[in-house]
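[1] Predicted model follows, preceded by the sequence.
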Amino acid sequence: SYRKGGYHAVRVGDQFAGGRYIAQRKLGWGQFSTVWLAYDTRNSTYVALKIQKSAALFAEAALHEIDVLSSITEGDPSNSKCVVQLIDHFKHSGPNGQHHCMVLEFLGDSLLRLVRYRRYKGLPMNKVREICKCILIGLDYLHRELGIIHSDLKPENVLLLSTIDPAKDPVRSGQSPILERPEGSNVGFSSVVEKKLKRKARRAVAKISGRNSPLVGAVGVPKSDRNVDGIDVQCKIVDFGNACWADKPLAVEIQTRQYRAPEVILQTGYSFFVDMWSFACIAFELATGDMMFTPKPGQGFSEDEDHLALMMELLGKMPRKVVVSGAKSKDFFDRHGDLKRIRRLKFWPLDKFLTDKYNFSASDAREFSEFLLPLLDFSPEKRPTAQQCLEHPWLSG
Ligand code: ADP
Ligand code: MG
């Protein structure tokens, strides 16, 4: 991807925007961009520099993202809405073309990292509550005040305000910023290695064939405790690359597979409620360490069909009204409202699932399911809004 139209290779010490920003180290990457920790010499602070791939398609996406981020930032002058802020943006020319760059406030590790840090064991319930509150404050702001659907809510796209490891936090660790480019250093290509590792992990998962048993959890990961008591769990929603205004939906297929709402699979049309579905999936994952739905294609059925089956096994059969509502309904369901190609479902209601598989106490399981189930209503318009959800007794513990 480091070619014409692709990523811009960055070296530690590289300067941007006429020397204002100086690259420190790579923070992460996505399909469209690499993100670097940079030192802002004007404000003497650290920022996250998101450098978009250069091809026209990516440039257009960046302009849209800048547009969305600008309204988010303008609408939240006190920076209290749990959504990332845009500080600056500019264009940067390099050997692979012209790259749109976004300067964002520097945040810490993602919730995915936090879940991994806990070795997929799940977080203590009080931490789950705190994180849920932040995400809901962010969603309420986006939905109700701005009319924006995030459309790709998942643990990678929610970042803590601080890093898990203080040594990696440029402020807490007290490192002085690098103001000049060191000789011969080249760390811009590390994403190639990351990608190879990811592909390997995906292949390992794909090897589990047949219909996915809900008993298959995170494979091969030892489930031992790791303390998170000291981590202040405030967080913010990031990555507005796929966000849209609710009155101008962009794509038909939105959201990352595991966090995708049923109306997106059925192609019924969508609104803010797709984010509420993804939010419930995230809450489950934080509490258990496992993704709520990990669909896989199998012999005679597609990934979509497996996904619908998994949803019904956990949440019960889809009401007829929902079943027939989508452009794709006829592909998946017969006229009785049953899946055409997956005939036998193993129902396992959520509260029982939590006690049986995750050793939740009966009361914890009941209370948590009472919080989650309305968010997972198959009828999108019946799901609570973020504002309503913030009032739920489960959040106040
Ligand atoms: P993409 O649109 O390419 O997926 P993201 O906005 O999701 O890009 O950023 C990719 C990764 O970079 C994130 O998953 C995260 O690890 C890191 N990142 C993004 N924004 C920030 C930020 N403001 N502070 C710290 N790290 C960030
Ligand atoms: Mg992303």
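    Okay, I see it. Ligands and ions are numbered 1, 2, ... in the order given.
[2] got the residues of the stretch 151-300 of the chain near ligand 1?
    Within the stretch 151-300 of the chain, the positions near ligand 1 by C-beta under 6 Å from any ligand atom are 156-157, 159, 238-239, 241. Quick note: C-beta positions are derived from backbone N, CA and C, even for glycine.
[3] Include secondary structure and neighbour count when you put those residues into a markdown table, please.
    Compiled in a markdown table, those are given as follows (DSSP: H, G, I helix; E, B strand; the rest coil; neighbours: other C-beta atoms under 10 Å):
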| residue | secondary structure | neighbour count |
| --- | --- | --- |
| Glu156 | helix | 16 |
| Asn157 | helix | 24 |
| Leu159 | strand | 28 |
| Val238 | coil | 24 |
| Asp239 | coil | 24 |
| Gly241 | coil | 22 |
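[4] Strands of the stretch 51-200 of the chain, residue ranges please.
    For the stretch 51-200 of the chain, the strands defined by DSSP state E, counting those that start in this stretch cover 86-94, 97-105, 148-149, 158-160.
[5] The last one and ligand 2 in contact?
    What that stands for is strand 158-160. No. Looking at strand 158-160 against ligand 2 by C-beta under 5 Å from the ion, there are no contacts, and the closest approach is 10.2 Å.
[6] what's that strand in contact with?
    Residues from elsewhere that reach strand 158-160, judged by C-beta atoms under 8 Å, 6 or more residues apart in numbering: 84, 107-111, 114, 131, 134-135, 231, 233-238, 282.
[7] Please list only the buried members of the residues you listed.
    84, 107-111, 114, 131, 134-135, 231, 233, 235-238, 282 (16 or more other C-beta atoms under 10 Å).
[8] Give me the below-cutoff pLDDT ranges for this structure.
    Scanning the chain with the threshold set as pLDDT under 70 gives 182-226, 229-231.
[9] For Arg172, which residues are in contact?
    So Arg172 contacts 162-163, 166 (C-beta under 8 Å, 6+ apart).
[10] If you could redo that for Thr73, that was the one I meant.
    Contacts of Thr73 (C-beta under 8 Å, 6+ apart): 85-86.
[11] how far away is it from Ile237?
    13 Å (C-beta to C-beta, to the nearest Å).
[12] Repeat that for His64.
    17 Å.
[13] next one: Ile254
    Taking C-beta to C-beta, one finds Ile254 at 16 Å from Ile237.
[14] Pro77 now?
    As judged by C-beta to C-beta, Pro77 and Ile237 stand 18 Å apart.
[15] before we move on, the earlier item: who wins for most neighbours among the contacts of Arg172?
    Thr163 (21 neighbours; other C-beta atoms under 10 Å).
[16] Would you mind confirming that it makes contact with Gly108?
    Yes. Under the criterion of C-beta atoms under 8 Å, Thr163 makes contact with Gly108 at 4.2 Å.
[17] Sort out for me which of the contacts of strand 158-160 are in helices.
    111, 114, 131, 134-135, 282 (DSSP state H).
[18] which one of those residues is nearest ligand 2?
    Of all the ones in helices among the contacts of strand 158-160, Leu111 has the smallest distance to ligand 2: 12.2 Å, by C-beta to the ion.
[19] Just give the nearest non-adjacent residue to the closest one, would you?
    By the measure of C-beta to C-beta, 6 or more residues apart in numbering, the closest residue to Leu111 outside its immediate chain neighbours is Pro155, 3.9 Å from it.
[20] Contact residues of the stretch 151-300 of the chain facing ligand 2?
    Asp239.
[21] cutoff 6 Å now
    Residues of the stretch 151-300 of the chain that fall close to ligand 2, judged by C-beta under 6 Å from the ion: 156-157, 239.
[22] possible to save these as CSV with distance to Gly326?
    Converted to CSV, these look like this (distance: C-beta to C-beta, whole Å):
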residue, distance to Gly326
Glu156, 27
Asn157, 26
Asp239, 27
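[23] so which of those residues comes closest to ligand 1?
    Nearest to ligand 1, judged by C-beta to the nearest ligand atom, of these is Asp239 at 3.4 Å.
[24] how about the strands of the stretch 201-350 of the chain, start to end?
    Using DSSP E, counting those that start in this stretch, strands in the stretch 201-350 of the chain cover 235-237, 244-245.
[25] so what secondary structure elements neighbour the first one?
    Secondary-structure packing of strand 235-237 (3 or more C-beta pairs under 8 Å, 6 or more residues apart in numbering; DSSP states H and E): helix 125-140, strand 158-160.
[26] among the ones you listed, which is the most enclosed?
    Ranked by mean neighbour count under mean count of other C-beta atoms under 10 Å, these are led by strand 158-160, which reaches a mean of 25.
[27] Show me how far that one is from its chain's centre.
    9 Å (C-alpha atoms, centre = their mean, to the nearest Å).
[28] try stretch 13-23
    Relative to its parent chain, stretch 13-23 has a centroid offset of 29 Å by C-alpha atoms, centre = their mean.
[29] Not counting its own residues, what contacts it?
    10-12, 36-42, 47, 49, 88, 90, 92, 101, 103, 177-182, 185.
[30] Pull out the buried residues from that stretch.
    Buried residues in stretch 13-23 (16+ other C-beta under 10 Å): 14-17, 20-23.
[31] follow-up on the earlier one: and the two most separated of the residues of the stretch 151-300 of the chain next to ligand 1?
    Put simply, by C-beta to C-beta the two of those set farthest apart are Leu159 and Gly241, 14.4 Å from each other.
[32] I am finished for the moment; much appreciated.
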